[in-house]
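Asker: sequence first, predicted coordinates after that:
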Amino acid sequence: MADAYIYDAVRTPRGKGKTDGSLHEATALYLATSVLKAVRDRNALDTSLVDDVVLGCVTPVGEQGSDIARIAVINADYAETVAGVQINRFCASGLEATNMAAAQVMAGQSDFAIGGGVESMSRVAMGSDGAAWATDPSIAFKSYFTPQGISADLIATKWGFSRTDVDAFAVESQKRAAAAWADRRFAKSIVPVKDQLGLTLLDRDEHMRAETSMQSLASLNASFATLGESMGFDGVALQRYPEVERIDHVHHAGNSSGIVDGAAAILIGTKEAGEKAGLKPRARIRAFGSIGSEPSIMLTGPEKVTRKVLARAGMTPGDIDLYELNEAFASVVLLYMQLLEIPHDKINVNGGAIAMGHPLGATGAMILGTLLDEMERRDLETGLATLCVGAGMGTATIIERL
Amino acid sequence: MQNIRSETADAGIVTLIWDMPDRSMNVLSESSLPEFAEAVDKAIADPAVKGVIVTSGKKDFIAGADLSMLEGETAAAGRSADRTEVAKRIYDQLMAVNLLLRRIEKAGKPFVAAINGTALGGGFEICLACHYRIVADDPRIQLGLPEAKVGVMPGAGGTQRLPRLIGVMAAAPLMLEGRTLGPQEALGANIVHKVVPAASLLDAAKAYIAGGGKAVQPWDEKGFKLPGGGPFTPGGSQIFIGGNAMLHARTFGNYPAQQAILSAVFEGVQVPIDAGLRIEARYMTSVMLDPVARNMIRSLFINMQRANKLATRPAGYPPAKLAKIGILGAGMMGAGIAHVSAAAGLDVVLIDRSQADADKGKAHSAGLLDKQVARGRMDAAKRESLLARIVPTTDYALLADADLVIEAVFEDRAIKADVTHRAEAVLPAHAVFGSNTSTLPITGLAEASKDASKFIGVHFFSPVDRMQLVEIIRGKATSDATLATAMDFVQRIKKTPIVVNDSRGFYTSRVFGTYTREGILMLAEGVGPALIENVGKMTGMPMAPLALADEVALDLIYKIGKQTQKDLGDAYRAGPLDGLIETLVVEMGRLGKKAGKGFYEYPADGKKRLWPGLADLVPRAAEQPEPDELRTRFLYVQALETARCYEENVVTDPADADIGAILGWGFAPWTGGPLSLIDTVGAAEFVRECDRLAQKYGERFTPNALLRRMAETGETFYGKKAAKAA
């Protein structure tokens, strides 16, 4: 089996996912095209060497419909021989796409493949693609469908994370993100988005609020209380988890991932392909995988997939020098840290999606790039990136520097 | 043709009149449906017929499907070894009706429903298939699809036509709740086209046809769009996402019919109506094959009707004269009994120790009536006349012309004996004496009476104005005549009677107590209280057991326990429950809801919460049981006790046992009742499971001899009445 190496990782900054967001005027196709162009231009890459482009996109309707990866490949003026495919593993899509690209390379069937993702949440609303899970009574009943915010609140309740705990985590994420930006720690990966005139639309993550404090968060109402208490979702969740008396609703916009626009791409290839192209590999993909977990509480997958992937790599949690776990909700990360006994100074050290946002299809590739950048900055050897996923899943990737 | 009359009026208008002989109401049955089909097809085929009016020759239009027929079908399904074969037969029968109604819709000539009376279920579904619906303007008329209330679903196109008519958002709740509407409401909801005075109903129907009224349904017109949008439009998806959750949270998945309604709507509105009708028929068939439907129809409809009609009333006694009743004790129960009696037109003498207490009892009635007037459900004049019937007093002499007396004083033998003497000193010879006691055996109380043959238990449930059940208890000497009078009284006040024989706890209190006790026993074993409470609710009980114990009051449970200990002497076996209750009540003063603290805390400004101190009182077991195990314990401990009551002749009719359980303490209605549950599980399986539970949790789960015999012979409670041991 061949080894798969990461040669480059790029990402757009994340625009606010609203009509006044800085990337609202950039189509999803434009964002995807821009990161593909960046990969080519930064590496002087002969794109005919690329076999396939795998992009995550979680709401593939409207302008994000059909196979946006292939369309973006054409739009980015890649060689005609480059294929493209869109995939959807919900929030982990960007990492899953990267894993799929790596798998092609490791299986010896591709020399270069790009994995990444794109999501314009300001232009294509989350959930606008429909789907059976919540709507079709037969599966909604059978799987005790619960919206993810309630799942996050259930995790907080079951494991005893208070409103103070989750808010404190959020404050820290904002602090770290602000410090990282101030220190230019993302400079290697960020590709500013410019319009067709070459004028900058956005060059930094604009969702951040550095001034966030415990007081400012305390004034926010719990977002999912009404959904849970008046629309029956708490009742459904407690049928699945009857050992819980009532759900303590602690999450709100300030301690959950932000809704944003963005795209990312990671160039993966064999050793030989890289050498021939004059590229220096930055890290090796050591192991990756996905698992299914209980769909109703939904967000407990990361710890399980981490153990699975570590076992495959013959490693233990302590062998990992640095972690990135997507901050879908604060309780998700608090739980992960508790179950795997990971100190907070080893995970999300430059902040996370609470501060910077979570462009659904792209985030997985973004946090892998963020992880690699920081591993290089600190000269660390091993890193693990993982995300919780809708309908109860988890995806993880272990990389090691050379 | 017996059931449908066909009259041809002027100029090619045929009127089909439903009028089934030997029945007070028209129903869709094995005899009426084929006749209707024949008459419809004849009218469609005849070129001289311009239009058809469908109406009824009875006070009501059509009341729905013949539920006995449905019950027979579901029973057959339960007995049959070949599920697919039975399913096909039921499906084909449903489709035959669907195809008939589609022939009506596509006939090319107008069909008008002249709705002269109540049209429910299949009766209303026939109306929905007509091109025009006119209702008589009579507020007593009820229209709708109430099938969910008896565990089935609309099976003649209602789930497909109603949403196509008024959108999913309006249609779904009507079907899920089984809500019925009056004529004006129905007009406002757009499910009928016109409301006219009853006398002009047929003329209005004729005018529609003569005036060239449309003969095409909205969903058969080109370009038809579902009002409000389907499940994958922005508005539509929210209805289902929210609707699923609310239904799931409310019913805990115990009621397959309601889930099936939602699925039939969800899937059916996405395809053309003919496909939608097949989808509905599949779901309806599945529902009918599910024992829940059969059990609910039998207990909640058929047997409930039997009980309300006093099917077991002793024969040969003329209807009791009931003009005036006396009530001894104007507390909550006495006041409630006074209220429902006055509401039924009876004169009431409400007696208490002081005039102030008696007046307070009457004020309770006034309060209830004020609420009704405020809600527009009653006018002030009616309120006045009702209240005027209640005479609060301290004077027993006013009982001189009472036909029936109900004693509702404290649960104290001495006090009860005293008021019995005082009343009997004045009562006329024919008067029956009833006691509302919930725990003291009737035969013992009857010793204070001059004539034990006229003494009977009449056990009401709180709150009296809302609880449907009355548990009538025969003492050893109670006569048939007295029983007949008591049953007549219960019927008069529009409640449902069950008849049980005298014993400790009678039937309802005895069995209901096992539920709360089981919850407390689980707590004593170290099961987490949240798990206990949630599973209690998920089982379909109206309240969780520890919350219920708090409502009943822990000091009452303690007292009853102590009394039982005294009464049984050496035979009494103390258990973990005793210590726990004693600590809570005696040491900690945690008496329950009334004291603001029990198993729960009751903060003044918020919802109740389980007392965190419970974890210190009883250490949490390291391994917690599966929810299903607790569910089985809750259901089976009650069913077992019911089987014991049946064996001991405390309750002698399985229907009384089941109805008494559902109405008396809300025993999981989806089961049809505790004995229906045992029949559904099968005695053999039930006994096997109980033996396992007895091993693990204690001998209260040991099956009785009756059940063991039924397990061997394959008898059921309902199949042929299970014969008692020789």
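Answerer: Okay, I see it.
Asker: give me the number of residues near B:Ala402?
Answerer: Burial measure for B:Ala402: 26 neighbouring residues, criterion other C-beta atoms under 10 Å in any protein chain shown. From N, CA and C alone the C-beta is placed, and that goes for glycine too.
Asker: cool, A:Asp153 as well?
Answerer: A:Asp153, neighbours per other C-beta under 10 Å, totals 30.
Asker: isn't it right next to A:His249, touching?
Answerer: Yes - between A:Asp153 and A:His249 a contact is recorded at 4.9 Å, counting by C-beta atoms under 8 Å.
Asker: how close does the residue lying closest to B:Asn116 once chain neighbours are set aside get to chain A?
Answerer: Among residues not flanking B:Asn116 along the chain, B:Ala136 sits closest, at 5.1 Å (C-beta to C-beta, 6 or more residues apart in numbering or on different chains). According to C-beta to the nearest C-beta, to the nearest Å, B:Ala136 and chain A sit 37 Å apart.
Asker: kindly state the beta-bridge partners for B:Ala136.
Answerer: Judged by DSSP bridges, the bridge partners of B:Ala136 are B:Val196.
Asker: any residues in contact with both of A:Asp153 and A:His249?
Answerer: A:222, A:224, A:228 (C-beta atoms under 8 Å, 6 or more residues apart in numbering or on different chains).
Asker: name the residues of the stretch 151-300 of chain B found near chain A, please.
Answerer: B:231-232, B:234, B:237, B:240-250, B:252-253, B:259, B:262-263, B:266-267 (C-beta under 8 Å from any C-beta of the partner chain).
Asker: cutoff 6 Å now
Answerer: Counting by C-beta under 6 Å from any C-beta of the partner chain, the stretch 151-300 of chain B comes close to chain A at B:231-232, B:237, B:240-242, B:244-246, B:248-249, B:259, B:262-263, B:266.
Asker: that older thread, in contact with the residue nearest to B:Asn116, which residues?
Answerer: Contacts for B:Ala136 (C-beta atoms under 6 Å, 6 or more residues apart in numbering or on different chains) come out as B:116, B:198, B:201.
Asker: how close does the residue nearest to the second one when sequence neighbours are not counted sit to B:Ala63?
Answerer: By that I understand B:Ala198. The shortest distance from B:Ala198 to any residue other than its chain neighbours is 3.9 Å, reached at B:Ala136 (C-beta to C-beta, 6+ apart). According to C-beta to C-beta, to the nearest Å, B:Ala136 stands 16 Å off from B:Ala63.
Asker: and the residue of the stretch 101-250 of chain A nearest chain B?
Answerer: A:Gly235 (2.8 Å; C-beta to the nearest C-beta).
Asker: check which helix or strand covers that residue.
Answerer: Using DSSP states H and E, A:Gly235 falls within helix A:233-240.
Asker: tell me the helix or strand right after that helix.
Answerer: The helix or strand immediately downstream of helix A:233-240 is strand A:260-269, counting by DSSP H and E.
Asker: rewinding a little: and the residues of the stretch 151-300 of chain B next to chain A, which are buried?
Answerer: Using 16 or more other C-beta atoms under 10 Å in any protein chain shown as the burial test, those include B:231, B:237, B:240-242, B:244-246, B:248-249, B:259, B:262-263, B:266 as buried.
Asker: where is pLDDT lowest across the residues you listed?
Answerer: Ranked by pLDDT, these bottom out at B:Ser237, which scores 91.
Asker: what is the burial count for the residue nearest to that residue when sequence neighbours are not counted?
Answerer: Among residues not flanking B:Ser237 along the chain, A:Thr135 sits closest, at 5.3 Å (C-beta to C-beta, 6+ apart). Other residues near A:Thr135 come to 21 when the count uses other C-beta under 10 Å.
Asker: again with the one 5 residues further on
Answerer: By the other C-beta under 10 Å criterion, the neighbourhood of A:Ala140 contains 26 residues.
Asker: which ones are touching it?
Answerer: A:Ala140 touches A:134, B:244, counting by C-beta under 6 Å, 6+ apart.
Asker: isn't A:Ile155 right up against A:Ala330?
Answerer: No - applying C-beta atoms under 6 Å as the test, A:Ile155 and A:Ala330 come out as separate, 9.7 Å apart.
Asker: tell me the buried residues in stretch B:29-42?
Answerer: For stretch B:29-42, by 16+ other C-beta under 10 Å, it's B:29, B:31-33, B:35-37, B:39-40.
Asker: off-centre distance for it?
Answerer: Taking C-alpha atoms, centre = their mean, to the nearest Å, one finds the center of stretch B:29-42 at 32 Å from the center of the full chain.
Asker: got the contact list for it?
Answerer: Under the criterion C-beta under 6 Å, 6+ apart, residues B:1, B:3-4, B:6, B:16, B:20, B:66, B:69, B:100 lie in contact with stretch B:29-42.
Asker: could you do stretch B:598-612 as well?
Answerer: Applying C-beta under 6 Å, 6+ apart, the contact partners of stretch B:598-612 are A:245, B:529, B:546, B:550, B:554, B:590, B:592-593, B:596.
Asker: follow-up on the earlier one: want to throw the buried residues of stretch B:29-42 into CSV with secondary structure and pLDDT?
Answerer: Formatted as CSV, the buried residues of stretch B:29-42 follow (DSSP: H, G, I helix; E, B strand; the rest coil; pLDDT from 0 to 100):
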residue, secondary structure, pLDDT
B:Ser29, coil, 94
B:Ser31, coil, 93
B:Ser32, helix, 96
B:Leu33, helix, 96
B:Glu35, helix, 97
B:Phe36, helix, 98
B:Ala37, helix, 97
B:Ala39, helix, 97
B:Val40, helix, 98
